[in-house]
Structure formats: structure tokens, C-alpha cells
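**Q** Next come a sequence and a model predicted from it.
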Amino acid sequence: MTLASSTSSAGTVWPSWVLVVAAVLVSGLLLAGPALRRRYPVAWWLLLGFPVLVVRVMHTWRPLMAGCGLAVSRRPALTVVSGLVGNGAPPPQPRVPRYGLIRPTGGGFWLLVRLLPGQVPEDFVKAAPAMAEDWQVHGVRVTSWRPGVVRIAASVTDPLATPRLPKQRGPSQLLRVAVGVLETGAAWVIDLRRVPHWLIVGATRSGKSTLINALVAGLAPQPVALVGIDCKGGMELSLYEPRLSALATNREQAVRLLAALVDLTLDRMTVCRAARARNIWGLSEKERPVPVVVIVDEIAELFLVASRNEKDEAHAAGTALIRLAQLGAALGVFLVVAGQRVGSDLGPGVTALRAQLGGRVCHRVADPGTAEMALGDLNPDALKAAQAITPEQAGTAVLASGDGWERARSHLITEADAEVIAAEYEYLAPVLPELLTEAK
């Protein structure tokens, strides 16, 4: 009994059973593809979607580079001469940028490309829409990786359309909260230990409150003190009042609370100096004070003035916030400042405070000045991306820090969810005697 065989174009002889098994596997993947994609999207992507897309990228790379003006002729003069002589020899193929290994992600892929002489990353940024069109993916993002190399990342679908809450693996890290998903499909994590102070801006119904809900929901189970300043009578932050160690609902209370926070910070400085520690994390667990996260909602209410007395209060509040931003990172006091509108017209204190808030989140805003204040000093590309957010993209934001910028969307945490979580973890709210004012 003999087994039939088949010969490939390269001369390799394959037994027929190998071809049958391969055909069955491919057919099975194609038939089970829709169900696999619905129930296990990541597995479907790695088994079927990613290999197909790799072939598409390899097949279209050279014509794509030529069409986008990223191919360079090897010998321009020789090409002209060969055309004049007409000897029938084909002109030399132009050089195209070389790409490295195509690596998969949860919902896309990325690769590194080495630039040809004379090319700059901006050339590839302009070609990103053409790449997305040729590869039939949702979007392509080009960033500079190192001198002479760019990183091209593609997303097959829009991960911001339905952000999923990531599964918690083990105990959460202190002051680190997964609040949503990035455009790359990775979790959007706000880590106050790494970036201690944040500015969050957004118009009404843009997603700003939802982001704050997600942040508070993630911090509530942690051994931290939450302090609220909401000069709109506590309309927003009163939802979390059971979990708050202090809450100021007008500017007079806010000034007293901020002054108490400054005194608390100075006391911690004295403790660290006595222990010869550079920050509270250098203290032993018994000596280390509880971290304090201060959430300021609608910052404009602190700075708007209508009388001489209000001007003095606004100046005192602004000065205290700036001092907390300057000293707080090392001494365990972190700021999250939010508002619908933030501009230099509110006073010089706003600009000085903005400079101390290293993390920025910009949702859709009602005026370009607010987006400029939030992102303009960090990255002009981030500013353009924020200004392109439409009213239909509620929850979508552009976040920026010294590390770069990303598009992201927060998880939907409703007001009812926030109230339930605050009540559930009320017992974890530490009592801070130094903050006991008329605000609580």
C-alpha cells in the first residue's frame, strides 16, 4: 500500500495526509471563525486574524511605500540612461524602508521601521491613513521609537467603542487604578505614585464625571484618605461623602481645608526630616502616614471673584493648591483637579497650578482655550486630537504626560454605582484630626 504525495513548486514532496490535515484545520478555523470571534476575540485574532493581516502587510508594503512617496530610487541617473538607450533592461527597483518583526497585540499589531536617509517620522505620520486603508484596519498610529526608527501600531477594531473592565489579578497596587482602556487596547491606568497630580477637563456630558467616578471607585477599597472640594454645594462629590475624610462645599470651607492640608504636609515634612527620609515611602510602615488624594471638582469656582473679599479667598485657595502640588508628591498628598473650563483669564494662579499638574486628561471641551491650557504645553499633536473629539464620543479623552499622549475612554461607572461603592467602603475612611473643620 502506498501513500499518494504532492510536489510543491519548490520541489518539496508533501504526503497527501499532511495536505488533508492542513485543509481540515483551515476549513475548521474558517467555519468556527464567527463563533470563536464572538466568544474568544483574542484567540480568534491570534489564530486567524493576525496571520491574515501579516500576509496583507507583506504583500502591500512595497506599493504602499511607493504610493506614499516613501520609496527612494537607487540610481536615478542610471534609470534615465536605461530609458534613453532602450536596451529593454528593467529599471532598478526603488529602495523602501525596511520593517522588522510584526508583533501581535490583543487587538492589533505593531512593527518597527528603519527610516531611509533624508526621511523623518512626520513622513510616516502623514502616511498613516493610507496604511489603515490598505491594511483594512481601524486606525494606525506612528510614533518615534528612537533616532532613525519609527513604531507603527495598528488597531483592527476601535477598542474605545466598548471599553471592558480588566480582570483584577491579585491585590491592587496602592494608588494605582485601571479607569478605562487605551486606543491600543491596553488598560488605561492612573498611577499616582508615578504621576502624582492630574488635571481633568471636559464640557458637560463629555465623560469627566464618569472618569472621576471610576477613579474614586478604584481608590475606595485602598488604604488611602479621600478629600473632596466641590464649591458647587457638593453637587458632584457628595456622592462619595461616606468614603471621604473631609468635604468642602463652598470656597470658605475650601480655603480652611486647603490650609489644613498644607499644615498636614509640613508636619509630614518634619517627620521625614527627623527620620532622614527623602519622602514618606522611606519611612517604616508604622511611621508612614496614610496617603491623601484631594479631588477638586470645578476648579473655576475657586478662582472666579466678584468682590475684594472673594479675591482674597481665591488667592489663598490658589496659593495653597500650588504649595500642595509642589510638596505633596514626596509627602503623600496627591491632587486631582477637574473643571469644565480652565483658562489663564481665571487668574495667574491657574497657570502656575497647571504647571505643577504633570498628568493631563482632556475630554471634549466647549472652548479651544481650555484644550490649549490642558495640552498645549505638552504636545501639539495631543491638542489636535482632543479638538477632534465629537459630542457623540462621550467618555473619549486624550491623556498626556511627560511620557507622551494617548486616546482613551473611561469605564462607565454610574452615579448609583459610585454611591454604592462609597457606602461599601465607608469603614476604610481614615479619620484625620488635622482636617476636622466645618467642612465635614
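**A** That came through fine. Numbering: from 1, shown residues only.

**Q** Q119 belongs to a helix?
**A** No: Q119 is assigned coil when assessed by DSSP: H, G, I helix; E, B strand; the rest coil, not a helix.

**Q** how close does L101 get to M131?
**A** To M131, L101 is 17 Å away according to C-beta to C-beta, to the nearest Å. Glycine gets a C-beta too; all of them are placed from N, C-alpha and C.

**Q** So for these two, which sits in the more crowded spot?
**A** Remark: of L101 and M131, M131 carries more neighbours, 22 against 8, as counted by other C-beta atoms under 10 Å.

**Q** Could you find the closest non-adjacent residue to the more buried one?
**A** Leaving aside its sequence neighbours, M131 sits nearest to V140 (C-beta to C-beta, 6 or more residues apart in numbering; 4.5 Å).

**Q** now that neighbour: how far from D297?
**A** 37 Å.

**Q** got it, and R360?
**A** Counting by C-beta to C-beta - R360 and D297 are separated by 17 Å.

**Q** the more surrounded of those two?
**A** Between R360 and D297, counted using other C-beta under 10 Å, R360 has the larger neighbour count: 27 against 23.

**Q** Need the three-state assignment for the more buried one.
**A** Taking three-state DSSP, the label given to R360 is strand.

**Q** wait, it sits on V195?
**A** No: using C-beta atoms under 8 Å, R360 makes no contact with V195, being 9.6 Å away.

**Q** Overlap in contacts, the two.
**A** Contact with both R360 and V195 is made by residues S401, according to C-beta atoms under 8 Å, 6 or more residues apart in numbering.

**Q** Which of the helices or strands spans R151?
**A** strand 149-155 (DSSP states H and E).

**Q** residues of that strand that come out buried?
**A** Within strand 149-155, the residues scored as buried using 16 or more other C-beta atoms under 10 Å are 150-155.

**Q** Break this structure down into its domains, please.
**A** Domain assignment for the chain by automatic domain parsing gives 26-71+96-157, 176-435.

**Q** Report the distance from the shortest one to the chain centre.
**A** Read that as domain 26-71+96-157. For domain 26-71+96-157, the separation from the chain centroid amounts to 21 Å (computed by C-alpha atoms, centre = their mean, to the nearest Å).

**Q** Could you give the average pLDDT over it?
**A** For domain 26-71+96-157, mean pLDDT is 85.

**Q** Need the residues that contact the strand holding R151.
**A** For strand 149-155, with C-beta under 8 Å, 6+ apart as the criterion, the contacting residues are 53, 99, 105, 107-115, 121, 124, 128, 131-132, 135, 137-145, 183-185.

**Q** are any of those residues buried, and which?
**A** The buried subset of the contacts of strand 149-155 (16+ other C-beta under 10 Å) comprises 53, 99, 105, 107-113, 115, 121, 124, 128, 131-132, 135, 137-142, 144, 183-185.

**Q** Keep only those of those residues that are in strands.
**A** Residues of those located in strands (DSSP state E): 99, 108-113, 139-142, 144.

**Q** State the next helix or strand along the chain beyond the helix or strand harbouring F334.
**A** Assigned by DSSP H and E, F334 belongs to strand 333-339. On the C-terminal side of strand 333-339, the closest following helix or strand by DSSP H and E is helix 348-356.

**Q** Could you list every helix and strand in contact with that next one?
**A** Packing contacts for helix 348-356, counted by 3 or more C-beta pairs under 8 Å, 6 or more residues apart in numbering; DSSP states H and E, involve helix 308-331, helix 368-375.

**Q** Of those, which stretch is the most buried?
**A** helix 368-375 (a mean of 22; mean count of other C-beta atoms under 10 Å).

**Q** Please export the C-alpha coordinates of stretch 62-75 as PDB.
**A** C-alpha atoms of stretch 62-75 as PDB (Å, rounded to 0.1, in the frame of the first residue of the first chain):
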ATOM      1  CA  ARG A  62       6.300  48.000  -1.300                       C
ATOM      2  CA  PRO A  63       3.500  49.500  -3.400                       C
ATOM      3  CA  LEU A  64       2.200  51.300  -0.300                       C
ATOM      4  CA  MET A  65       5.600  52.900   0.400                       C
ATOM      5  CA  ALA A  66       5.900  53.900  -3.300                       C
ATOM      6  CA  GLY A  67       2.400  55.400  -3.400                       C
ATOM      7  CA  CYS A  68       3.000  57.400  -0.200                       C
ATOM      8  CA  GLY A  69       6.300  58.800  -1.600                       C
ATOM      9  CA  LEU A  70       8.400  56.900   0.900                       C
ATOM     10  CA  ALA A  71      10.400  54.900  -1.600                       C
ATOM     11  CA  VAL A  72      13.800  56.200  -2.800                       C
ATOM     12  CA  SER A  73      15.200  55.400  -6.300                       C
ATOM     13  CA  ARG A  74      18.500  53.500  -6.100                       C
ATOM     14  CA  ARG A  75      20.200  55.100  -9.100                       C
END
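
**Q** Could I get the buried residue list for it?
**A** 64-65, 68, 70-72.

**Q** what do you get for stretch 276-291?
**A** Applying 16+ other C-beta under 10 Å to stretch 276-291 flags 277, 280, 283, 288-289, 291 as buried.

**Q** First-to-last residue distance for it?
**A** Criterion C-alpha to C-alpha, to the nearest Å; first-to-last residue distance in stretch 276-291 is 19 Å.

**Q** go on, stretch 244-255?
**A** 17 Å.

**Q** residues in contact with G369?
**A** 341, 343-345.

**Q** And those, which is closest to V271?
**A** Ranked by distance to V271 (C-beta to C-beta), the contacts of G369 are led by S344 at 36.9 Å.

**Q** Show the pLDDT at the closest residue to the closest one other than its chain neighbours.
**A** Leaving out its chain neighbours, the residue that sits closest to S344 by C-beta to C-beta, 6+ apart is T351, at 5.2 Å. Confidence at T351, expressed as pLDDT, is 85.

**Q** Now V365: phi and psi?
**A** In terms of degrees, to the nearest 10, the main-chain angles of V365 are phi -120, psi 160.

**Q** And it, how far from W281?
**A** For V365, the distance to W281 - C-beta to C-beta - is 35 Å.

**Q** ok, now T396?
**A** From T396 to W281 the distance is 34 Å (C-beta to C-beta).

**Q** Please apply the same query to L46.
**A** 39 Å.

**Q** Kindly report the same for A275.
**A** For A275, the distance to W281 - C-beta to C-beta - is 12 Å.

**Q** residue contacts, A352?
**A** A352 neighbours (C-beta under 8 Å, 6+ apart): 318, 322.
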